[in-house]
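Student: I would like to see how this sequence folds:
(chains A, B and C)
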Amino acid sequence: MNVGHLAHSAEEVAPKLLGATLTHATPEGTVSITITETEAYSGAADPASHAYRGRTPRNAVMFGPAGHLYVYRSHGLHWCANIVTGTDGIASAVLLRAGRVIEGEDLARERRGDKVEGPRLARGPGNLCRALGITAEHNGTDLLTGASVVLSDGESVPTALIRVGPRVGVSRAHDRQHRFYLAGDPTVSAYRLSPRAKPSAGA
DNA sequence: GGCCAGATGGCC
DNA sequence: GCCATCTGGCCG
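Tutor: Next up is the predicted model:
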């Protein structure tokens, strides 16, 4: 993967990351996924973004150069990972919502639990991080320079298979069509409207 | 300083 | 549907 591919808005990059490969090698083994679901988040213009109110210690990586990993904790127990896009100094990132495990399925199942079905191993942003073994220690990692977590070109995905919809679980700007996923793919997570989402006009 | 909400997931 | 669990951000 070339950094040039990521040097655009999150909205542009998010659909293009479908089909790309994310790999994490550890002493225990290697797990790789094909990305099947993403969401775009921007900065000052996006009320649902962590960067909406400006730079803070938590979201600082979002403001940095493209190709780095932004990891945050959700609800006190899950980790979620984003790929930073765009220009250094301007916040934007793509949340990795789901993927298909293509290497290291045994290790992924060890991390996720015995009973988890193959397609569900990395279904949902928290599960994706757990299957890959991504935690806070990977926040800020450069994915393009051969660090432990690496983003690489995978299979090319036919445009006709890409679907767009509203983002999952966000209470603000929840109508924005910034979620991208592969049609009919069982590894894609279920849509859920935030309980706090305000009713929108025309609904 | 304190409180509330949250880019979730699993179990009842 | 409900709850766990904790951190960031804002004073709702």
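Student: Spell out which helix or strand contains residue A:83, please.
Tutor: Taking DSSP states H and E as the definition, one finds residue A:83 inside strand A:78-84.
Student: After that strand, which helix or strand is next?
Tutor: Following strand A:78-84 in sequence, per DSSP H and E, is strand A:93-103.
Student: strands paired with the longest strand anywhere in chain A, and their directions?
Tutor: In chain A, with assignment by DSSP state E, the single longest strand is strand A:29-41. Strand A:29-41 pairs in its sheet with strand A:21-26 (antiparallel), strand A:93-103 (antiparallel), strand A:179-182 (antiparallel), by DSSP bridges.
Student: Among these, which comes closest to DNA strand B?
Tutor: With CB to the nearest atom of the strand as the measure, strand A:93-103 is the member of the strands paired with strand A:29-41 nearest DNA strand B (3.3 Å). Where you see a C-beta, it was placed from the backbone N, CA and C, and this is true even at glycine.
Student: Does DNA strand B have contacts with the closest one?
Tutor: Yes: using CB under 7 Å from any atom of the strand, strand A:93-103 reaches DNA strand B at A:93, A:95.
Student: Verify the stated contact: residue A:133 with residue A:31.
Tutor: Yes: between residue A:133 and residue A:31 there is a contact under CB atoms under 8 Å: 6.7 Å.
Student: and after the lowest-mean-pLDDT helix or strand in chain A, which helix or strand comes next?
Tutor: Least confident element among the helices and strands of chain A, by mean pLDDT, DSSP states H and E: helix A:3-6 (a mean of 94). Once the chain leaves helix A:3-6, the next helix or strand it forms, by DSSP H and E, is helix A:10-16.
Student: That next one and DNA strand B, are they touching?
Tutor: No: Helix A:10-16 stays out of contact with DNA strand B when judged by CB under 7 Å from any atom of the strand, the minimum separation being 9.0 Å.
Student: Give the other helices and strands that that helix contacts.
Tutor: On a contact count with 3 or more CB pairs under 8 Å, 6 or more residues apart in numbering; DSSP states H and E, helix A:10-16 meets helix A:3-6, strand A:29-41, strand A:93-103.
Student: By proximity to DNA strand C, which residue of chain A wins?
Tutor: Closest residue of chain A to DNA strand C, CB to the nearest atom of the strand: residue A:76 (2.5 Å).
Student: what's residue A:119 sitting at in phi/psi?
Tutor: phi -70, psi -20 (degrees, to the nearest 10).
Student: Now for it: which residues touch it?
Tutor: Going by CB atoms under 8 Å, 6 or more residues apart in numbering, residue A:119 touches A:100, A:186-187.
Student: In the least confident helix or strand of chain A, which of the residues would be classed as buried?
Tutor: Neighbour counts over helix A:3-6 (16 or more other CB atoms under 10 Å) mark A:5-6 as buried.
Student: Show me which residues of chain A are close to DNA strand B?
Tutor: Contact residues (CB under 7 Å from any atom of the strand) of chain A with DNA strand B: A:39, A:41, A:48-51, A:62, A:70, A:74-78, A:80, A:82, A:93, A:95, A:112, A:116, A:124-128, A:167-172, A:189, A:192, A:194, A:196.
Student: At the contact with DNA strand C, which residues of chain A appear?
Tutor: Applying CB under 7 Å from any atom of the strand, we find that chain A lies next to DNA strand C at A:50, A:53, A:56-59, A:73, A:75-77.
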